[in-house]
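The following comprises the amino acid sequence and a computationally predicted model.
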Amino acid sequence: MRTQVGIVGAGPAGLLLSHLLALRGIESVVVEIRSRAYCEARQRAGVLEDGSVRLLREAGLAGRLDRQGLEHGGIYLQFAGERHHIDFRALTGSRTVTVYAQTEIVKDLIAQRIADGAAVHFDVSDTEVADLTSDRPVLRYTDSDGKRNELTCDVIAGCDGFHGISRPAIPAGLVTVREREYPYAWLGILADVPPSTDELIYAHHRNGFALHSLRSLSVSRLYLQVDPDEAIEDWPDERIWEELGSRFDLPGSGWELNQGPVLDKGITPMRSFVSAPMRYGRLFLAGDAAHIVPPTGAKGLNLAMADVAVLAPALEALLKGDERLADAYSSTCLSRVWRATHFSWWMTTMLHRTPGADDMEAALQLSQLRYVTSSRAAATSLAENYTGYPADVADELGLKLPR
Ligand code: RFL
Ligand code: PHB
């Protein structure tokens, strides 16, 4: 079997890449170890930069996003019993973010790829990539009927997330990894209750960080900083609501946290990770396969989309014999990745409570929070990074999609 681009992984990176390539007349095959239902239900990100929204619009994928996405013009930062609004529109010349769940993007992408007759194979196993330095790399997998397949490709895109097989296929000696694990994790819940706030609340509290986000006008998404070795069984719903209540409490303001049935809950570790370069021969990595950020900056999904916006035209040129964009792919992406890595690290360390931290660290965090909420220059830096820097994924790189 043959295809032009073999894509490992049907997350946002793999599916969007397959669609962007199809718009350029390039054929691809996507293989995914999980079921379609699993991919469509996995609870993850919720915030899109406006560059990501524009990219989806230009690619003809924003029908439901434009109807159901919720545009947000800022966030609240809460600490020391005060809640401050950071007004992105005023600080950045009207830039915003949009709350639209990653699960919905994945559903939209899968539906579109299938409607367009694309090959997306779910429930595969034993994925392997080989011959990566030849111009005929191969992708092997066992399909859901148990049949072993070998796909000869021009190029392979490793979009298989942090735990995939693509990154480890690059010889270790050729890779530089930069990594940081944080001494805390996030316990996340999805709750069937209207959000108690008009904008996301990032709260710094002596018990630890908390985040109030949302999925719609009737469903809330909330997170609590917990120890990385905590078991979800030790967090019955009542304990979660009680802890959220204390971390978001604003004495004297009359503000209250709405409670409702918990639909989903889980604990996620936090890490920063960058593996470079993002290319080995005819293997190109995109998204979480190459880099991970802690979720505090809401960047992971946006970076995955930015990578494939750069990769699609680079592969189109490569297939026509011009390797210049492909040669620049890794460094083009890594410049955005490192900016987001720094921003996510900065938001994370400013807002979380470090176990065992001394009073000096606590005072420095408070000073930074006061600076960001009182200086227009500091607030503008947060707003510019949160809404996406550089601002435009596709246009600024001269990567306008063909229509
Ligand atoms: P994904 O989504 O992990 O998809 C990879 C896919 O590859 C499949 N796979 C394989 N397929 C074939 N063969 C193999 N050997 C395979 N191994 C794995 C997997 O099953 C999967 O389907 O990676 P991708 O596409 O790079 O997308 C990245 C994003 O998912 C991720 O960065 C974000 O979810 C991160 N993130 C957030 N990002 C944001 O931009 N804004 C946010 O608000 C935000 N919040 C979050 C987040 C991530 C979170 N968790 C759970 C990690 C909040 C949380 C709690
Ligand atoms: C989410 O809604 O899941 C979310 C929002 C903002 C973040 C992280 C996650 O920083």
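Yep, it's here. Ligands and ions are numbered 1, 2, ... in the order given.

For the stretch 251-400 of the chain, which segments count as helices?
300-319, 324-351, 359-374, 376-386 (DSSP state H, counting those that start in this stretch).

by how many degrees do the second one and helix 359-374 diverge?
What it means is helix 324-351. When axes from the mean of the first three to the mean of the last three C-alpha atoms, to 10 degrees is applied, the directions of helix 324-351 and helix 359-374 differ by 110 degrees.

Tell me the gap between helix 324-351 and the middle of its chain.
12 Å (C-alpha atoms, centre = their mean, to the nearest Å).

buried residues in that helix?
325-326, 329-330, 332-334, 336-337, 339-341, 343-351 (16 or more other C-beta atoms under 10 Å). In this view, the C-beta of every residue, glycine as well, is placed from N, C-alpha and C.

and the gap between the closest residue to ligand 2 within the stretch 1-150 of the chain and Leu70?
For the stretch 1-150 of the chain, the residue closest to ligand 2 is Gly46, as judged by C-beta to the nearest ligand atom, at 2.7 Å. Separation of Gly46 from Leu70 (C-beta to C-beta, to the nearest Å): 10 Å.

Of the two, which one has the most company?
Gly46 (23 against 15; other C-beta atoms under 10 Å).

what does the stretch 251-400 of the chain have sitting close to ligand 2?
Contact residues (C-beta under 6 Å from any ligand atom) of the stretch 251-400 of the chain with ligand 2: Pro295, Thr296, Ala298.

Pull out the buried residues from those.
Pro295, Thr296, Ala298.

how about the first one, what does it touch?
Under the criterion of C-beta atoms under 8 Å, 6 or more residues apart in numbering, the contact partners of Pro295 comprise Ala45, Trp186, Tyr223, Thr268, Met270, Ser344.

What about Arg2, how many residues nearby?
Counted with other C-beta under 10 Å, Arg2 comes out at 12.

That one reaches Thr152, doesn't it?
Yes - if you go by C-beta atoms under 8 Å, Arg2 and Thr152 touch, sitting 5.0 Å apart.

Report the closest residue of the stretch 1-150 of the chain relative to ligand 1.
For the stretch 1-150 of the chain, C-beta to the nearest ligand atom, closest residue to ligand 1: Gly11, 2.0 Å.

so who does that residue touch?
Contacts of Gly11 by C-beta under 8 Å, 6+ apart are Cys39, Val106, Cys159, Asp160, Gly161, Gly287, Asp288, Ala304.

For the third one, give its distance to ligand 1.
Between Cys159 and ligand 1 the distance, using C-beta to the nearest ligand atom, to the nearest Å, works out to 5 Å.

Show me what the mean pLDDT comes to for stretch 376-383.
Mean pLDDT, computed over stretch 376-383, is 98.

What are the buried residues along it?
Ala378, Ala379, Thr380, Ser381, Leu382, Ala383.

ok, the residue nearest to the third one when sequence neighbours are not counted to Thr387 distance?
Put plainly, it is Thr380. Closest residue to Thr380 apart from its sequence neighbours, by C-beta to C-beta, 6 or more residues apart in numbering: Leu91 at 4.6 Å. Counting by C-beta to C-beta, the gap from Leu91 to Thr387 is 9 Å.

Give me the more crowded residue out of the two.
Thr387 (24 against 21).

That one contacts Glu49, doesn't it?
Yes - here Thr387 reaches Glu49: they are 5.8 Å apart, a contact under C-beta under 8 Å.

what touches both of the two?
Common neighbours of Thr387 and Glu49 (C-beta under 8 Å, 6+ apart) are Val97.

thinking again about what came up before, hey, C-alpha coordinates of the helix or strand harbouring the residue nearest to Thr380 in CSV?
Applying DSSP states H and E as the criterion places Leu91 in helix 88-92. Presented in CSV, the C-alpha positions along helix 88-92 are these (Å, rounded to 0.1, in the frame of the first residue of the first chain):
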residue,chain,number,x,y,z
PHE,A,88,-7.0,41.4,26.6
ARG,A,89,-9.1,43.5,24.2
ALA,A,90,-7.9,46.8,25.7
LEU,A,91,-4.3,45.7,26.1
THR,A,92,-3.7,44.0,22.7
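
name the helices or strands packed onto the helix or strand following it?
Using DSSP H and E, the helix or strand that directly follows helix 88-92 along the chain is strand 97-99. When contacts are defined as 3 or more C-beta pairs under 8 Å, 6 or more residues apart in numbering; DSSP states H and E, strand 97-99 packs onto strand 47-49, helix 50-58, strand 70-72.
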